[in-house]
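>>> coords please:
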Amino acid sequence: MNLIIAVFLLHFLADWVLQSPEMGRQKSNKFKVLCQHISIIFFVIFLGTIPLLGWKMAALLSLVNALTHAVVDWNIWRFYKTTVYLRNKGMFEEMGEERATAYLKRHYKYWLDPVFGYFLGTDQLIHYILLYVIYGMYV
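From the prediction side, this is the model:
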């Protein structure tokens with residue numbers, strides 16, 4: 001049980017504390033930024049679990065987690081952005097796609113959007129469920 005608590009805390013450190021707001025905004029549309037984020041996830045969990053698992057098992061757990069984390073992050077935020085588009089479809093029809101996209105990038109306050117909170121919570125729930133499954137499979 002100590003291992004799963006450690007992995008949860010390491011995930012929190014890597015996914016919240018060490019992730020910049022800019023990285024959070026760009027990881028679903030810039031593959032390079034996603035790779036930077038996933039590298040942080042991998043190394044924090046890997047280094048933090050070596051004392052509990054040994055380096056081989058720590059590497060395996062960290063790799064499986066990093067890959068699943070990448071799939072979740074790449075897709076869930078693209079889905080959120082699709083909901084923004086659908087909820088503002090009238091603006092896109094009225095202004096044209098290019099102008100409306102530019103406007104939303106500059107002015108849309110996603111942090112005030114209640115749907116953003118649902119996606120953020122869902123994102124973290126999925127990550128923690130996957131960590132629990134990975135922990136249960138390999139330890």
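>>> now stretch 78-97: buried residues?
Neighbour counts using 16 or more other CB atoms under 10 Å place 80-81, 88, 91-92 of stretch 78-97 among the buried residues. For the C-beta atoms, the positions are set from N, CA and C on the backbone; glycine is no exception.
>>> neighbours around the closest residue to Tyr110 other than its chain neighbours, how many?
Distance criterion CB to CB, 6 or more residues apart in numbering; nearest residue to Tyr110, sequence neighbours excluded, is Phe116 at 4.8 Å. Here the number of neighbours of Phe116 (other CB atoms under 10 Å) works out to 17.
>>> same question, Thr122
14.
>>> do the one 3 residues further on as well
Leu125 has 10 neighbouring residues, counting by other CB under 10 Å.
>>> quick one: it and Leu131, what's the gap?
If you measure Leu125 against Leu131 using CB to CB, to the nearest Å, the figure is 11 Å.
>>> max-length helix in the chain?
helix 55-87 (DSSP state H).
>>> contacting residues around the helix or strand following that one?
Counting by DSSP states H and E, the element after helix 55-87 in chain order, helix or strand, is helix 89-95. For helix 89-95, the surrounding residues in contact (CB atoms under 8 Å, 6 or more residues apart in numbering) are 85, 100-101, 103-104.
>>> and stretch 27-41, by the same measure?
11, 14-15, 18-19, 23, 26, 62, 65-66, 69-70, 73-78, 81.
>>> that older thread, what separates the longest helix of the chain from the chain centre, distance-wise?
Helix 55-87 sits 5 Å away from the centroid of its parent chain (CA atoms, centre = their mean, to the nearest Å).
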